[in-house]
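**Student:** Quick one, fold the following:
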Amino acid sequence: MSYRWRLLLSFLVLICGIVHVLPSLPGTGALESWLPDKRVSLGLDLKGGIHLTLGVEVDKAVANDLSQTGHDLRRSAQDEGITILRARLMPDGRLSFLLPRADQSDKLLELIARRYPELNVAAPLAGESGGLLFTAVYRPAEQARLEDMALEQAVRTIRNRIDEFGVTEPDIRKQSGHRIQIQLPGLDDAQRAIQLVGQTAHLTFHLVRDLDPKGTLPGDVMLAPMQERDPGDAESMMVLNREALMTGEDVNDARPSFDDRGASYVLLNFNARGSSNFDRVTAENVKKRLAIVLDGKVYSAPTIQERIAGGRASITGSFTTHQAQDLAIVLRAGSLPAPVSVLEERTVGPSLGRASIESGILAAAVGAAAVVVIMPLYYGLAGVIADIMLIFTMTLLMAGMAAFGATLTLPGIAGIVLTIGMAVDANVLIFERIREELRNGYSPFEAIRAGFSRASVSITDSNLTTIIAAAILYQFGTGPVRGFAVTLTLGIVASMFTAIFVARAVFEWRNQANGGKPLSI
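**Tutor:** Presented below is the predicted three-dimensional model:
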């Protein structure tokens, strides 16, 4: 490719880079409609915000799934004429169920092997009245799959909630030990953030039983505390049917609203299946109380006055506007598959972020200034070209970060400073090679061609090994380390392009315009 085509392509790349950098610069509001939407955002260590580390209790998600499998097994056995009693989850996490007729043992085991191969069934023990008591757990591979799935679902649910909460550029990622790391730049209300991401939001609907909570209760009911109306209220208990008539899986939408007195509540809209079920439930239970239970607490228990069609319900309570809004968010975004606990909480103030930015910019500015001054002094006109290539490299680096939606962190600034040194290092290798070829008697054109061709091999080899190291850092590192890896990789790619491709076109053009006279190098 001739140097003219190289210069044209380089100019187009520069224009594209400037267009992607402009949205990240202040004072470009008038051009917003003409510029790309993506821009470089600041990380938690620069902008300030909240850092959370959550632990996901995946064992409870596995236990819930095993309990559901027990109910499914009971129904499947009933369809095939096998009676199973008391399919329930034991405190040690095993599923137990009683087979009253021992002669159906082989038929039951065949059913389990055929339809529930993920279950590992232990040898049965003698049960009541000649029956057999079975226990089962998931096989290790199935348990590991369910744990990974629960962690993935927790990450997706938390991301959906935070997206609706309005936090820009959140950083949410899995960590070892069933943990989730969350960084929320620009957010300073830690308690509200914790409540939003940590609420399990398991919504169920139960019929209220008119029994004395202090007396002996039958096995088909449960006690649930009432949600406190005012701080300091004594906790009251309500007796509910243990079996849920509906769950939050059928909720299609949830929105905060206000009643005639201005009090906040949450309006629910069900999907098609939920609407049909709610219609049936209300029709069959007129004049009975239906409790709306969220995370084990009764929020409201209105009396069903008549059949309710249309798939709409409401959760009332002494909500503030923020509480109603947050409750609607978690219901709309979905429930967590397992409870989460806050293992670590840190709040980074914006003043620390400003100090980090100023220190990082100062370091980058000092390094760049030293390079800009030293290169022309040592290499003459070639050093000036190297300075121009450095500006080109920084433009492409910031444009790449904006185009990929990368977040700039303090380690990322360190990667930019390192890029400045590596970009100059590539130019030094090329210039020294050209000098050597000139001393060997080559013409300026031949020296330029030989210098770039031979130095490019060494530059490519060294930079590729650095890119491989950066890729490993990105794959196995956490947020700050990844920020360093991203800026370093983009910087290396940009410096290779400017040093090998653009600088060569400029040198060849300068040699042609100078009539083939020796270069100032």
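**Student:** Number of residues surrounding Asp72?
**Tutor:** 13 (other C-beta atoms under 10 Å). Where C-beta positions appear, they are placed from N, C-alpha and C, glycine not excepted.
**Student:** Please apply the same query to Thr465.
**Tutor:** 10.
**Student:** quick one: secondary structure of it?
**Tutor:** The local conformation at Thr465, judged by DSSP: H, G, I helix; E, B strand; the rest coil, is helix.
**Student:** can you check Leu343 too?
**Tutor:** strand.
**Student:** That one and Arg179 touch, don't they?
**Tutor:** Yes - using C-beta atoms under 8 Å, Leu343 is in contact with Arg179, at 6.8 Å.
**Student:** can you give me phi and psi for the nearest residue to Thr303 once chain neighbours are set aside?
**Tutor:** Among residues not flanking Thr303 along the chain, Arg289 sits closest, at 5.2 Å (C-beta to C-beta, 6 or more residues apart in numbering). Main-chain torsions, Arg289, degrees, to the nearest 10: phi -90, psi 130.
**Student:** Look at Arg289 and say how many residues are nearby.
**Tutor:** 17.
**Student:** From Leu267, how far off is it?
**Tutor:** 20 Å (C-beta to C-beta, to the nearest Å).
**Student:** And the contacts of stretch 468-488?
**Tutor:** Residues from elsewhere that reach stretch 468-488, judged by C-beta atoms under 8 Å, 6 or more residues apart in numbering: 43-45, 171, 173, 175, 181, 183, 397, 401, 404, 406-416, 418-419, 466, 489, 492.
**Student:** Return the members of those residues classed as buried.
**Tutor:** 43-45, 171, 181, 183, 397, 401, 406-416, 418-419, 466, 489, 492 (16 or more other C-beta atoms under 10 Å).
**Student:** Enumerate every residue touching Met149.
**Tutor:** Each residue near Met149 by C-beta under 8 Å, 6+ apart is listed here: Pro337.
**Student:** separation between it and Pro337?
**Tutor:** 8 Å.
**Student:** Over to Gly262?
**Tutor:** Counting by C-beta to C-beta - Gly262 and Pro337 are separated by 36 Å.
**Student:** The residue nearest the centre of the chain: which element?
**Tutor:** By C-alpha atoms, centre = their mean, the mean C-alpha position of the chain lies nearest to Ile172, the distance being 3.3 Å. Ile172 is part of strand 171-175 when elements are defined by DSSP states H and E.
**Student:** Ser462 now?
**Tutor:** Element membership of Ser462 [criterion: DSSP H and E] is helix 444-476.
**Student:** model confidence over that helix, on average?
**Tutor:** The pLDDT scores in helix 444-476 average 86.
**Student:** and what of stretch 160-174?
**Tutor:** Mean predicted lDDT for stretch 160-174 stands at 74.
**Student:** quick one on the thing from earlier: the strand holding Ile172 pairs with which strands, parallel or anti?
**Tutor:** strand 179-185 (antiparallel) (DSSP bridges).
**Student:** With only the CA atoms kept, save the strand it pairs with in CSV.
**Tutor:** The C-alpha coordinates for strand 179-185 follow below in CSV (Å, rounded to 0.1, in the frame of the first residue of the first chain):
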residue,chain,number,x,y,z
ARG,A,179,-20.1,-14.3,46.1
ILE,A,180,-21.2,-11.4,44.1
GLN,A,181,-19.3,-8.1,43.9
ILE,A,182,-21.3,-5.0,43.2
GLN,A,183,-19.9,-1.5,42.6
LEU,A,184,-22.4,1.4,42.3
PRO,A,185,-20.6,4.6,41.1
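**Student:** Could you find the closest non-adjacent residue to Gln195?
**Tutor:** That would be Asp326: by C-beta to C-beta, 6+ apart, it lies 6.6 Å from Gln195.
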